[in-house]
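*Asks:* structure here, sequence nowhere to be found:
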Ligand SMILES: [Mn+2]
């Protein structure tokens with residue numbers, strides 16, 4: 001049992017994880033980037049949301065939807081037979097983003113100490129800072145200067161404060177950027193303030209691929225992926241997808257990505273042998289209904305990710 005979590009339900013095809021302390025089997029933190037073991041933590045937290053609430057139910061309905069898939073993944077013509085564990089849900093502190101994210105950071109640290117990489121199911125986007133901080137602290141530099149962050153979202157989420165709050169779903173990538181990422185690559189973007197646009201343009205470590213640019217040419221993104229090396233963290237806000245595919249999100253935004261676009265992104269990352277993906281989160285599924293199409297797509301994305309990276 002992981003510190004700070006309880007176990008409601010398991011993601012389909014996950015391995016038994018009764019005692020995580022026995023899972024490390026001598027894999028040192030030095031080998032962590034190369035590890036193919038993953039651990040899922042659900043974070044049923046929505047507190048700073050500004051529009052559709054309900055992402056606290058995301059982990060439950062995404063796990064439930066995961067049972068709709070076959071172990072053979074026809075998209076990638078590969079069986080999902082890698083080693084991964086579902087560690088349950090974080091005991092969140094409702095209404096307190098920083099305490100929740102601190103508890104998540106502690107739990108992710110426990111995974112890392114066992115040579116297991118984190119997959120976080122949100123919950124609202126603010127929770128991404130938990131695993132990202134834990135991974136940054138593993139570095140000698142104690143920041144992200146050695147880590148590329150790939151961020152799929154309709155929003156930039158890069159203002160310093162939102163309604164006076166530093167820790168918010170709308171400021172998460174500013175908090176990430178504060179940790180000095182090697183590069184922040186934003187994909188599917190189509191909703192942002194002029195202030196955010198100007199901030200991004202002033203930085204030399206942020207790349208942007210607007211959804212409308214990708215409609216014209218997806219190749220520009222795949223070329224970018226060819227140039228990435230080293231450690232990579234992937235954060236997917238489900239509103240990166242077009243609302244036709246993912247309507248139940250905190251802040252739906254028209255004219256977004258197609259699910260096949262994201263499968264192509266996963267494929268490009270998995271095909272690049274110079275990359276070690278060290279963490280993944282998927283956030284902002286906001287619905288309390290079993291069978292919700294957004295939860296089904298979210299489960300498919302996690303299932304695809306595990307098929308390629310576990
Ligand atoms: Mn968003």
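*Replies:* It's in. For clarity, every value in this text was computed on a predicted model and none was experimentally measured.
*Asks:* what is the end-to-end distance of stretch 76-86?
*Replies:* 22 Å (C-alpha to C-alpha, to the nearest Å).
*Asks:* ugh, typo on my part, it should be stretch 244-264
*Replies:* Span of stretch 244-264 from end to end, C-alpha to C-alpha: 19 Å.
*Asks:* would you map the strands across the stretch 151-300 of the chain?
*Replies:* Per DSSP state E, counting those that start in this stretch, the stretch 151-300 of the chain carries strands over the ranges 183-189, 206-210, 230-237, 275-283.
*Asks:* mean confidence (pLDDT) on the first one, please.
*Replies:* By that I understand strand 183-189. In this model, strand 183-189 has a mean pLDDT of 98.
*Asks:* list the contacts of it.
*Replies:* With contacts defined as C-beta atoms under 8 Å, 6 or more residues apart in numbering, strand 183-189 is touched by 148-156, 173, 176-177, 200, 203, 205-211, 214, 221, 224, 228, 240-241, 256-257, 261, 265. Backbone N, C-alpha and C define where each C-beta goes, glycine included.
*Asks:* next, count neighbours for the closest residue to residue 190 other than its chain neighbours.
*Replies:* In space, and not counting its chain neighbours, residue 190 is closest to residue 211: 4.5 Å by C-beta to C-beta, 6 or more residues apart in numbering. For residue 211, the count of nearby residues is 22 (other C-beta atoms under 10 Å).
*Asks:* distance-wise, check residue 211 relative to the ion.
*Replies:* 12 Å (C-beta to the ion, to the nearest Å).
*Asks:* any idea what the residue nearest the centre of the chain is bridged to?
*Replies:* Nearest residue to the geometric centre of the chain (C-alpha atoms, centre = their mean): residue 281, 1.7 Å. Residues in a beta bridge with residue 281, per DSSP bridges, are residue 120, residue 235.
*Asks:* hmm, residue 129 and it touching each other?
*Replies:* No. In this structure, residue 281 is not within contact of residue 129 by C-beta atoms under 8 Å, at 10.0 Å.
*Asks:* of all of the stretch 1-150 of the chain, which residue lies closest to the ion?
*Replies:* Residue of the stretch 1-150 of the chain nearest the ion, by C-beta to the ion: residue 125 (6.3 Å).
*Asks:* I figured the residue nearest to residue 190 was touching residue 191, is that so?
*Replies:* No. With contact defined as C-beta under 8 Å, residue 211 does not count as touching residue 191 (9.5 Å).
*Asks:* common neighbours of those two, please.
*Replies:* Shared contacts of residue 211 and residue 191, defined by C-beta under 8 Å, 6+ apart, are found at residue 154.
*Asks:* what stretches of the stretch 51-200 of the chain score poorly on pLDDT?
*Replies:* Within the stretch 51-200 of the chain, no range satisfies pLDDT under 70.
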